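Asker: for reference, the sequence and a predicted model appear below.
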Amino acid sequence: MGYGDYSFITGNTSWTTYKIETVLPAEAIKVRIGCIAYGKGKAFFDDASVAITPLKDRKHSQLAEDYITAAIDSMKIHSLRKDSVDFDRLKRKALLIAGDAKVPEDTYLATRFLLSSMEDHHSFFMTAKERVIWEGNDDDDDDVDTDILFSQAEKKGRYGYISVPGFHGNDSILKKAFADTLQRQLQELYVSDIDGWIVDLRPNDGGNMHPMLAGLEPLFSADTLGFLVNIHGEKEAWGRNDLFKKEDPESYVEIDHPVSFEKQLPMAILYGSATGSSGEIVIISFIGNYKTRSFGQPSFGLTTGNGEFKMPDGSYLFLASTQMADRNATIYSERVTPDVVIEKDESNSNLEVDKAIEWLDSMITH
């Protein structure tokens, strides 16, 4: 249905017709359609039908030509994979898919096809309507349950443990609430006389990096935490929340009561194969940090940054156009591997935590 939680169907509704479009290779013999349910409730499906539209010899409209050309122009300039793609061939296919498009919506399937053909596994398309929801400006979005957005904290023996999920969206109120919650939880743990930190990023599937970094700011031992490096080798730094206050106000996350800690404590970072995209930015932000060691499995491997490129109708291409690098400018082009790789044990989901505690104990002892 789309990309991200701003495309979810939420709340109670009467019968509604939804349409899913995809491009099938000629040799396809089976299509499976299903749903993923987040939370509890019932979903009913009825009157499913399928229509197949052959692409051969389709004529395209001028609107299709203009829209597809605009998308490809951005890809030719900014995509990390621009030198690996035959754009002329790709454009011909996209125009067959768009066909006699009469409104921009008729070109969306072709545009998504273009992005998937880049094979960077990170680029995606966001419609103008989805953008409004992502920004948090949709008046009809009252039914969205935001409980899953926030961090969870507890004390594990002598150590402060905090689990940080991904954050999806750009709603200023939710960003602030997310960062405020994180800092409040860190403060409560710190004053409880802990000897170290365990930051669990295993459930962090990415999204918007800024509220995550803003919330974790008291744990960072440097101002510059990493870089996004474009195809020309130009670096754009990311770092402490305050750095964005003047340079990029849209990225700055206001926090009611920002905290800081007098003592820098040893810190264990946990992550695994589900930690991806901006979750990997958080991982990389801790590389080189004071007395910090990471545990788990290699990350998901979406270590690219998506630039935003506006289309004529207000939709956006989120295009993989930069690579992530740590504060020492070391580039990560694939998965990020932890300092201590731990074989996953289905019978013990706390194995990473146990190993982290063992290391923290050794740090305190010595």
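Answerer: That came through fine.
Asker: what stretches of the stretch 151-300 of the chain score poorly on pLDDT?
Answerer: Across the stretch 151-300 of the chain, residues meeting the criterion (pLDDT under 70) sit at 246.
Asker: ranges for the helices of it?
Answerer: 172-190, 209-216, 243-247, 278-285 (DSSP state H, counting those that start in this stretch).
Asker: export those as JSON lines, with columns for distance to E308 and mean neighbour count.
Answerer: To be clear about C-beta, it is placed using only N, CA and C from the backbone, and glycine gets the same treatment. Shown next, in JSON lines, are the helices of the stretch 151-300 of the chain (distance: least, C-beta to C-beta, whole Å; neighbours: other C-beta atoms under 10 Å):
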{"stretch": "helix 172-190", "distance to E308": "17", "mean neighbour count": "19"}
{"stretch": "helix 209-216", "distance to E308": "13", "mean neighbour count": "26"}
{"stretch": "helix 243-247", "distance to E308": "16", "mean neighbour count": "14"}
{"stretch": "helix 278-285", "distance to E308": "14", "mean neighbour count": "26"}
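Asker: out of the ones you listed, which comes closest to G34?
Answerer: helix 278-285 (25.4 Å; C-beta to C-beta).
Asker: convert the C-alpha atoms of that closest one to CSV, please.
Answerer: The C-alpha trace of helix 278-285 is given here as CSV (Å, rounded to 0.1, in the frame of the first residue of the first chain):
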residue,chain,number,x,y,z
SER,A,278,18.7,5.8,10.6
GLY,A,279,19.1,3.1,13.3
GLU,A,280,22.5,2.5,11.7
ILE,A,281,23.2,6.3,11.9
VAL,A,282,22.7,5.9,15.7
ILE,A,283,25.1,2.9,15.7
ILE,A,284,27.7,4.9,13.8
SER,A,285,27.2,7.9,16.1
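Asker: on that earlier part again, can you put the helices of the stretch 151-300 of the chain in CSV and add distance to G39?
Answerer: Formatted as CSV, the helices of the stretch 151-300 of the chain follow (distance: least, C-beta to C-beta, whole Å):
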stretch, distance to G39
helix 172-190, 17
helix 209-216, 22
helix 243-247, 33
helix 278-285, 21
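Asker: out of those, nearest to I52?
Answerer: Minimum separation from I52 across these (C-beta to C-beta) falls at helix 278-285, 37.6 Å.
Asker: against K19, how distant is the residue nearest to S74 when sequence neighbours are not counted?
Answerer: With sequence-adjacent residues excluded and distances taken as C-beta to C-beta, 6 or more residues apart in numbering, S74 is closest to F309, at 4.3 Å. Relative to K19, F309 is positioned 26 Å away (C-beta to C-beta, to the nearest Å).
Asker: for K355, same thing?
Answerer: In terms of C-beta to C-beta, K355 sits 48 Å off from K19.
Asker: between those two, who's got more neighbours?
Answerer: K355 (17 against 6; other C-beta atoms under 10 Å).
Asker: touching, that one and S294? I think so.
Answerer: No - using C-beta atoms under 8 Å, K355 is not in contact with S294, being 10.7 Å away.
Asker: intersection of neighbour lists for the two?
Answerer: V340 (C-beta atoms under 8 Å, 6 or more residues apart in numbering).
Asker: would you mark the buried spots in stretch 90-102?
Answerer: Under the neighbour-count criterion of 16 or more other C-beta atoms under 10 Å, stretch 90-102 has 90-91, 93-99, 101 buried.
Asker: and that stretch, average pLDDT?
Answerer: For stretch 90-102, mean pLDDT is 96.
Asker: let me know the angle separating the helix or strand containing F309 from helix 209-216.
Answerer: Secondary structure from DSSP states H and E places F309 in strand 304-310. Orientation check (axes from the mean of the first three to the mean of the last three C-alpha atoms, to 10 degrees): strand 304-310 against helix 209-216 gives 130 degrees.
Asker: so how far is strand 304-310 off the chain centroid?
Answerer: 12 Å (C-alpha atoms, centre = their mean, to the nearest Å).
Asker: mind listing what's buried in that strand?
Answerer: For strand 304-310, using 16+ other C-beta under 10 Å, the buried residues are 304-307, 309.
Asker: C-terminal to that strand, what's the next element?
Answerer: Using DSSP H and E, the first helix or strand after strand 304-310 is strand 316-326.
Asker: quick check: neighbours of that next one in the sheet, parallel or antiparallel?
Answerer: strand 124-126 (antiparallel), strand 224-230 (antiparallel), strand 304-310 (antiparallel), strand 331-332 (antiparallel) (DSSP bridges).
Asker: with distance to S7 added, can I get these in CSV?
Answerer: Below are those laid out as CSV (distance: least, C-beta to C-beta, whole Å):
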stretch, distance to S7
strand 124-126, 9
strand 224-230, 26
strand 304-310, 16
strand 331-332, 28
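Asker: which one of the ones you listed lies closest to I281?
Answerer: strand 224-230 (6.7 Å).
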